[in-house]
Structures are given as structure tokens and as C-alpha cells.
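[1] Okay, predicted coordinates and the sequence, questions at the end:
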Amino acid sequence: MAVAYRRRISSLLLGRAARNVLARASGKSVALSRFWPGRTDRLLIAPNDLRTVDATRASEIYAGRFVFAGKIVTSHGRSIFELDPPSEDWEANLLGFGWLRHLRAADSAITRANARALIDDWISKPIRKRGAGWRADVLARRVISLLSQAPLVLNDADGKFYRRFLRSLTREIRYLRYTMVDIPDGVPRLQVLIALCYASLCLANQAKHIRTSSRKLSEELQRQLLPDGGHISRNPGALIELLPDLLPLRQTFAARNIAPPPALLNAIDRMMPMLRFFRHGDGSFALFNGMSSAPSGLLATLLAYDDTHGIPMSNMPHSGFQRLDAGNTAVIMDTGAPPPPAVSRDAHAGCLSFELSSGTGRIVVNCGIPATGRDNWRAFARSTAAHSTLTCHETSSCQFIELPAMKRMLQGAPIVSGPSNVGVFREAANDSIQLTATHDAYARQFGVVHQRSLTLSSDGSRLEGEDILLNASGASTRNKPDDYVLRFHLHPAVKASRLSDARGVMLVLPNRDVWTFEAVNDKVDLEDSVFLAGSDGPRRTAQIVIRQNRKDSPSVRWSFTRSSASAAVTNARRDARREPELPL
């Protein structure tokens, strides 16, 4: 394991060093690409923008108030691009120009003039050459935004602005092509290739670039998209990042009367069912591997493109997730090994963690990670303790690079060790569905293997579980810590109260459903926790905690049970929604 650990770190560092050398070698070309005017192409088509719009924000932008990533900056008559950004997230949002969609939604002569003035200001400011504006993912977002919102910007524009706009856009597209040698793996690389495909389709005289960009995008989609539709990073949020761009790209190919690459069509067809797989009854996504809150409007828009409209699949073996559905109850469980180190900068140590929901109420969750300001919470959010699973000796099941120098060079803290063998067994009986999974992340350090079994009743009213620490084959547990903790993080909307016998917790959901957690043979504590993935930022919540010693008790049996009163109310509500039968 030590040799493999060193080998992974060496591979990551050598890869990063090689990209730095290539980036420096192409530095002169990159610098020239910013200023070389090149040929001004005609704009042929503007792709659709599926992301959610808010026309009321147009008046804020017109007034010089720019609200991004939880921060507000007022320009007070100065250029917004000259002001110091309050955070990197705020700067990335500003320079990605996604806010143009809000101006377009307002659809007035004032908003069109305002959009042109802001873009003209951006084009003419020398200060724009620094900062996050030339980060590959931000530049890709800006190119897509400017192409998508071209009707807003160019409607009623004079010829001089039209030519200046296209010259600037052409320079940025050329610069984006040069930066391909130094783009982080994963979603950022796909975003750049998608932007280059858009550019080649939307501008005239780009036949050569259409073929090249389509081929490169196809190769990258085949590499990053797994056969079951999940992303190689195992982050459900990657689907929400990519589909709003891939779906209009498919339409743009059709609008140009060019056959879309088969890899693009196959990727979309595989990704759409995954949206339903990770979705709870309230429309939110399960919080695994860097997933945060997802805009409900955007999710609804994406699901409208799903032609299947069926129930979610239960097994995603390539992505490493399982789902149990019965009645109104859903359980989603992480049963996969960590992603490859190069795409693990946002991955979490949450193997065998699960989330539980009943109808529109989420009960058990993982802590997730905030949409903005992630650096403050990243270390905790990625730890095993932030997930609803078992933790040995308060040690995460994955190891992350911690040395500051390495983190700076690698632009993050990838996973370098974790579970290498994750076993999954699933079976269905007449009255239940059973799922058993194991992982060996603690085998070397503590000599144990974690096994978790879940059994969901056929009506969804009871979830039984058992967590066991088994002796790892060939490993010794002598003189090794044997304490462990079992955690179940609760959603902030759940009201929890500990039962008087200290063996259970009563849970009341917002819809008045009552569930009871019980661990008959173990003491149950109710402790503070934090829900990081709220749409309004981190929120205080509670967690059910069971602390044990492996020598005294190597297993813990527990259950979540919905009360019969809750079931009666649910049935009554279902009956009330049914259409009355007409008399014969």
C-alpha cells in the first residue's frame, strides 16, 4: 500500500510538471492569441440557454449591483471589471457572463443597451487580462454565454460594435484552443471542448474546426462518461453541469444540418436516466462526492428532455451506486471505490454511506458541500465523519494529499488511497429488498472490513440495517484501535427527539410523518451536525450517533420505522388525490 501510495503521488506530480512544461512552451502563442486580431467571422446561429433566468435581476445589474456567490458588489458608476472581487467564486461568476441571460429575460431596449455597454467595457479594459477571467473553465463559460446571448447583445447594435464584439470573441476562442494543454481533468476539460464545438458551429468558415472539435469532444465523452451514464468523478453534480450544455449542442448540430457525433447522442441518452437515479422525492439530488444544492428549475428543465419518464433504475454498477425503492421510500447508497486520482479533487470519503427519503421528505442525508465558499468547509465535507456511515477511530476511509506545496502544484487535494475492493450483493424477496456491501479501506490500518446490510420492506415502511466490522483476511487487529462511530446525519427539516430509554430517536418530518430510529442493543446519542448543501448556505442540524468498541460489540443493528399513523395519513392523502368515480 505504501508503494502504491507513493506511486500515485509521483504520477500526479509528474503529470502536473509535464503540463506546466507544455504550457510554458506554448506561452508565447497563448500571449499572441490575446492580441492577434485574426479574421472576423460572421455569427451564423446562437444556441439555446437552458439555465434558469430571473428577469428581476436585470434592474439590479442596471443599477450597478452585482450579486454572485453570496456576495454583493456595487460599482457606484465605476467599471465593475476594475473593482477588486470579494471572492474567487464571485469573480468567476462575473467573468463567465452567465448573468447576461437575466438581461435577455427582461427583453427591453434598456437591458440590451446595458448588456452592450458592459461587454464593451470588458473588451476595452486592459485590467481584464488578469485574474480568474482566463481560467479555462471560466473562459469556456464566457464563450458559451456570449454565443448564447448574442441576440440580446447584437440586436439594434451598430456595425462598429458588431465587428468589435466578434473580434474579441474570436480572440478568446483562439486563446481557449491554446489552453488545452493545461486544463484540469474532468468536467473543466469537457466544458472547454463543448465551448469549442459551439464556436465552430456558430461562426462561419469553421468547417475544419467542426471536424476537429467534434472528434475531440467525442473522445473525451467516451473517456469520461461511464457505461451507466455516470461521470468518472462519481459526482452527481457533473451531470447538472454538463447536460445544460450538451442538450443545446445537440440542437445546434441539427440547426446547422450537421449530424451530431454518435458519442454525443449516446452520452445524453445514458446521462438522462442518472438524473432520476440520484433524485429524491422532493426533487433534490443525493449528496455524494462534491454534490451541492441543485436549482430545482434547472432540474425540471433537464428532466423534460427525458423521453423515458420511467422509475429510476436500481443498480449503477459502473458509477458505484445502488438504489432501493418501495412505496414512497427511497434509499440511495454509495457502493463504489474512489474515482481516479486525477479527477478526485472533489471526491469524498463516503463509501457505504446512504441517504433515506420518504415522499417529499428527506430523513438521512450526507452533509454535502456548499455551492460557494467551499474552501472553508472542504476538509470536513470530504471526511467520512460528514457522511451517514461507519468511521473507524475517527479516521476517514480515504486519504487526501495534505502537504500545502503539493496541493498548490496539483491545484487541489486528490485522493491517493481508499477502498480498493468494494463488494456488492443485492437480492429481492417477496416482502423486502436486501442490499449488502463491503469495503476494505480500514483493512491495512485497523485490520477490519466494514460490511453494511440494508433491508427495505416491500411497502417502504421499515428500513433495517446492520453494520459489522469483520476481520480482514491476512491482517492482524492486535494493538490496533478498536473504537468506531456510526453516524446518521439528519436533514434540517426533520425534528428529532431522543427517546427516554436512550435506545432510539423519534423523527417528525415537515409533512407530519413520524419515523422512529431504534438500536435496541446500543446506546443512541443525538448530537449537533451541519447541513452544508442548503440553498441558503450551511444550516445547523442533528445527527444520530452510536459509539462502540469492536472488541465488545463488532456489529450494530438498527432500524428506521414509519409509524402506522403516518401510513394512514399517507394513504388518506393518496385517496384524496384520486379522481372520484362517475356513477353509471
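    Done, it's in.

[2] Show me where the stretch 251-400 of the chain has its helices.
    For the stretch 251-400 of the chain, the helices defined by DSSP state H, counting those that start in this stretch occupy 262-277, 296-303, 378-382.

[3] Now mean neighbour count and mean pLDDT too, for these, in TSV please.
    Backbone N, C-alpha and C define where each C-beta goes, glycine included. Output for these, formatted as TSV (neighbours: other Cβ atoms under 10 Å; pLDDT from 0 to 100):
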stretch	mean neighbour count	mean pLDDT
helix 262-277	19	93
helix 296-303	15	86
helix 378-382	19	92
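
[4] These into CSV, with extra columns for distance to residue 460?
    Formatted as CSV, the helices of the stretch 251-400 of the chain follow (distance: least, Cβ to Cβ, whole Å):
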stretch, distance to residue 460
helix 262-277, 17
helix 296-303, 22
helix 378-382, 29
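
[5] Just tell me which of those ends up closest to residue 493.
    For residue 493, the closest of these is helix 296-303, at 15.2 Å, according to Cβ to Cβ.

[6] Just name whatever secondary elements the closest one is in contact with.
    Of the remaining helices and strands, those touching helix 296-303 by 3 or more Cβ pairs under 8 Å, 6 or more residues apart in numbering; DSSP states H and E are helix 237-255, helix 262-277.

[7] can you redo those as JSON lines with distance to residue 87?
    Putting the helices and strands packed on helix 296-303 into JSON lines (distance: least, Cβ to Cβ, whole Å) gives the following:
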{"stretch": "helix 237-255", "distance to residue 87": "20"}
{"stretch": "helix 262-277", "distance to residue 87": "30"}
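
[8] closest one to residue 450 among these?
    Of these, nearest to residue 450 by Cβ to Cβ is helix 262-277, at 23.7 Å.

[9] Give me the distance from the helix or strand containing residue 169 to the chain's centre.
    Applying DSSP states H and E as the criterion places residue 169 in helix 159-178. On the basis of Cα atoms, centre = their mean, to the nearest Å, the separation between the geometric centre of helix 159-178 and that of its chain is 31 Å.

[10] other SSEs contacting it?
    Judged by 3+ Cβ pairs under 8 Å, 6+ apart, the packing partners of helix 159-178 are helix 27-35, helix 109-124, helix 136-148, helix 150-154, helix 187-202.

[11] can you redo those helices as JSON lines with mean neighbour count and distance to residue 553?
    Converted to JSON lines, those look like this (neighbours: other Cβ atoms under 10 Å; distance: least, Cβ to Cβ, whole Å):
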{"stretch": "helix 27-35", "mean neighbour count": "13", "distance to residue 553": "61"}
{"stretch": "helix 109-124", "mean neighbour count": "17", "distance to residue 553": "63"}
{"stretch": "helix 136-148", "mean neighbour count": "23", "distance to residue 553": "48"}
{"stretch": "helix 150-154", "mean neighbour count": "19", "distance to residue 553": "64"}
{"stretch": "helix 187-202", "mean neighbour count": "23", "distance to residue 553": "43"}
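
[12] So which bits of the helix holding residue 169 are buried?
    Buried residues in helix 159-178, counted by 16 or more other Cβ atoms under 10 Å: 161-162, 164-178.

[13] Same check on stretch 367-379?
    Residues of stretch 367-379 classed as buried by neighbour count (16+ other Cβ under 10 Å): 367, 368, 369, 370, 371, 372, 373, 377, 378.

[14] if we can go back for a sec, which stretch among the helices and strands packed on helix 296-303 comes nearest residue 537?
    Comparing the helices and strands packed on helix 296-303 by their distance to residue 537 (Cβ to Cβ), the top pick is helix 237-255, with 17.0 Å.

[15] CA atoms only for that closest one - export them in CSV, please.
    Backbone C-alpha positions of helix 237-255 (Å, rounded to 0.1, in the frame of the first residue of the first chain) are rendered in CSV as follows:
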residue,chain,number,x,y,z
GLY,A,237,-23.3,17.4,-9.9
ALA,A,238,-21.3,16.7,-13.0
LEU,A,239,-24.5,15.7,-14.8
ILE,A,240,-26.1,19.0,-13.9
GLU,A,241,-23.0,20.9,-15.1
LEU,A,242,-22.8,19.1,-18.4
LEU,A,243,-26.3,18.4,-19.6
PRO,A,244,-27.4,22.1,-19.9
ASP,A,245,-24.7,22.5,-22.5
LEU,A,246,-24.8,19.1,-24.2
LEU,A,247,-28.6,19.3,-24.9
PRO,A,248,-28.4,22.6,-26.8
LEU,A,249,-25.3,21.5,-28.5
ARG,A,250,-27.2,18.6,-30.0
GLN,A,251,-29.9,21.1,-31.2
THR,A,252,-27.2,23.3,-32.6
PHE,A,253,-25.8,20.5,-34.7
ALA,A,254,-29.3,19.8,-36.0
ALA,A,255,-29.9,23.5,-36.7
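
[16] Run the angle between it and helix 136-148 for me.
    Put simply, helix 237-255 runs at 40 degrees to helix 136-148, going by axes from the mean of the first three to the mean of the last three Cα atoms, to 10 degrees.

[17] In helix 237-255, which residues are buried?
    Using 16+ other Cβ under 10 Å as the burial criterion, the residues of helix 237-255 that qualify are 237-250, 252-253, 255.

[18] Summarise which helices and strands that helix is packed against.
    Under the contact criterion of 3+ Cβ pairs under 8 Å, 6+ apart, the helices and strands touching helix 237-255 comprise helix 187-202, helix 262-277, helix 296-303.

[19] Thank you, goodbye.
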